[in-house]
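K.L.:
Sequence and predicted structure are below.
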Amino acid sequence: MAKTVLKVTNLSASYRKNTVLDNVNFQIEEGSLTGIVGPNGAGKSTLIKTLLHLHPSLTGKIDFYGLPFKKAKRVIGYVPQRGSVDWDFPTNALDVVVMGLYGQIGWLKRPSRAHRKLAYEALEKMDMAPYADRQISQLSGGQQQRVFLARALVQDAEFYFMDEPLAGVDATTEKAIMAILKELKDEGKTVMVVHHDLQTVTDYFDHVLFLNRTVKEHGLTDSVFTKENIMKTYGGKMQRIVEGGSHVVHSN
Amino acid sequence: MWSILTSSNFQWVLASTMTLGIASGMVGCLAYWKKQSLMSDALAHSALPGVIIGFLVIGEKNIIFLITGAAVSALVGAFFIQWIQSSTRITEDTAMGMVLSIFFGLGIMLLTIVNRSAGGNQSGLDSFIFGQAASMVKLDVFTMLILALVVITIIFIGFKEWKLFLFDPQHAKGLGLSLSMMNVIYTLILVTTIVIGIQAVGVILIAALLIIPSVSARYWTNSFHYMLILSALFGGLSGAFGTYLSAVGKGWPTGPFIVVVAAILFIFSLLFGKEKGLLITWFEQYLERKRIGTTKQTSTIGTKGVN
């Protein structure tokens, strides 16, 4: 039985008066690669932000490795949605990755050559080394996503959260990112990913968490990724589900 | 015309407005990436009532009291802008527009009352509207110089933190940087720069010294580091040259001259800047058109050759 690394009990959160998360309960095992799926507005991003204290929770308890978030913060890495920053900001790819090390470098201290080397290696891992000096606004969407991933990798965390890392990227980048996620899993690290494409869930994730305001189902992909659970999460919006759940079509 | 340069008093004034320009250029660069350029204008206008109230309280033009009053009043303005947008349906730009005009109107009203009262018209408070570097006494110069240096130091030592805070505040928070602390420091250095600048540049135009240098700097570099340095340079040049030019005539206001110098630097950057300046963009497009044109021609010739 694998160790439980995240335990969420009765979590709820809201934006002003709209409750987006209500009575969310789940546990994550060490070394699992979990896809969080659900319709638009189901609270997927909010769930991640609330777990990482980037969004206030109304009720509930969050335990990372049996500790509150503040104490476990150092071993947690987060890859936000690409649109969350202004890519026109005057800086280059390497510099953005170095930002991942700011916590280790220490406040008010300047990054050293060794830090830059670590960042460069993270970029190499993402096949982005040739773009290290490139101004970030001149990178394609997929390349920007890889830079964000490299920034998370360089933190050398134990638990990674990623908010739609595959949104709007081309097939090559998608493959590169998935290869890295598998690698992280093989190293025994835990990864949770907000995911949109139901067709690839079975290929990419060993666990799946169905979310729509609350956890609809959670478990091994092989046993819970079923037609019934998709219907239960997405409601009547899923019009046509071809047998085997491999050709799912969204009606809107 | 050059003789004023040899006056030691004037040299100090010049040094202080140059340092003010450097500080404004740097703070303005932060404001630019915080997308709050207009905020500095709102805060500057909000400072006016505080200046007058500061004068009324002690009855004389003491710089320490005047800038304390200005700072309090600007912070009250900032608080109102925050409060209006967070608890009403009014958006930030509207809130800034309202606070700016209401505070400035209040300031002018108080100023008129003070100027009508006995001895009031000798107060020289008028110079706070368009700035009058020549009216500064030693205490004014040193207060301005020291506070500007404090602002520059704060930005310099926290360079890495400012960059992270401006580029990706969520990531900064994830790494344990307190966003509320950064916001407080940011507001404090912004307000400090404004209040020390209003005597030399005036409440109406100080915002220009915060906004224009950073925009000019953006046309020359793709590195935050160099943008900060260039913005400081442009601000410093504007401060020094503007003060010098305004000192040539008797009783000329300083603010407008500083702004005109800043604007000239901006137009120069807009035209000749190497990062998307108008001229280089035009030239690159011209070359590209020519290149594509040539390729087409060669291919037509090639086809003809086959025939």
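P.N.:
Received it, and whenever you're ready, just let me know what you need.
K.L.:
tell me which parts of chain A are close to chain B?
P.N.:
For chain A, the residues found near chain B under the criterion Cβ under 8 Å from any Cβ of the partner chain are A:52-54, A:73, A:76, A:78, A:80, A:84-86, A:89-92, A:96, A:99-100, A:102-103, A:105, A:107-111, A:135, A:151. Where you see a C-beta, it was placed from the backbone N, CA and C, and this is true even at glycine.
K.L.:
Give me the buried subset of these.
P.N.:
Taking 16 or more other Cβ atoms under 10 Å in any protein chain shown as the criterion, what is buried in these is A:52, A:54, A:73, A:76, A:78, A:80, A:85, A:89-92, A:96, A:99-100, A:102-103, A:105, A:111, A:135, A:151.
K.L.:
So which of these are in helices?
P.N.:
Secondary structure assignment by DSSP state H places A:V96, A:M99, A:Y102, A:G103, A:I105, A:R151 of these in helices.
K.L.:
The third one against B:K160, yeah?
P.N.:
In other words, A:Y102. Yes: with contacts counted by Cβ atoms under 8 Å, A:Y102 reaches B:K160, the gap being 6.5 Å.
K.L.:
nearest to chain B, of the ones in helices among the buried ones among the residues of chain A next to chain B?
P.N.:
Set against chain B, the nearest of those by Cβ to the nearest Cβ is A:G103 (4.1 Å).
K.L.:
Thought A:R74 was touching the closest one, still the case?
P.N.:
Yes: contact criterion Cβ under 8 Å: A:G103 and A:R74 qualify, at 7.1 Å.
K.L.:
Now list whatever residues contact both of these two.
P.N.:
Any residue near both A:G103 and A:R74 by Cβ atoms under 8 Å, 6 or more residues apart in numbering or on different chains counts here, and not one turns up.
K.L.:
Check which helix or strand the nearest residue to B:L230 once chain neighbours are set aside maps to.
P.N.:
The shortest distance from B:L230 to any residue other than its chain neighbours is 3.8 Å, reached at B:A217 (Cβ to Cβ, 6 or more residues apart in numbering or on different chains). Using DSSP states H and E, B:A217 maps to helix B:206-218.
K.L.:
Show me what stretch A:102-120 is in contact with.
P.N.:
Contact partners of stretch A:102-120, identified using Cβ under 8 Å, 6+ apart, comprise A:74, A:94, A:97-98, A:100-101, A:129, A:132, A:150, A:154-155, B:157-158, B:160-161, B:164, B:172, B:175-177.
K.L.:
Pull out the buried members of the residues you listed.
P.N.:
Using 16+ other Cβ under 10 Å as the burial test, those include A:94, A:97-98, A:100-101, A:132, A:150, A:154-155, B:158, B:160-161, B:164, B:172, B:175, B:177 as buried.
K.L.:
From those, pick the one nearest B:G249.
P.N.:
Nearest to B:G249 among the buried ones among the contacts of stretch A:102-120: B:G158, at 40.5 Å, using Cβ to Cβ.
K.L.:
Which strands and helices lie in contact with the helix holding B:A217?
P.N.:
For helix B:206-218, the packing partners by 3 or more Cβ pairs under 8 Å, 6 or more residues apart in numbering or on different chains; DSSP states H and E come out as helix B:8-33, helix B:37-58, helix B:179-201, helix B:224-248, helix B:254-272.
K.L.:
residue closest to the middle of the chain?
P.N.:
You didn't say which chain, so I picked chain A. Closest to where the C-alpha atoms of chain A average out (Cα atoms, centre = their mean) is A:M162, at 1.4 Å.
K.L.:
Switch to chain B, please.
P.N.:
Centre-nearest of chain B using Cα atoms, centre = their mean is B:L210, 1.0 Å out.
K.L.:
got a list of what that residue touches?
P.N.:
Shown in contact with B:L210 (Cβ under 8 Å, 6+ apart): B:S24, B:V27, B:G28, B:A31, B:S37, B:S40, B:L190, B:T193, B:I194.
K.L.:
so where's the chain uncertain?
P.N.:
If you meant another chain, say so; for now it's chain A. A:1, A:236-252 (pLDDT under 70).
K.L.:
Switch to chain B, please.
P.N.:
Within chain B, the ranges that satisfy pLDDT under 70 run B:1-5, B:118-122, B:296-307.
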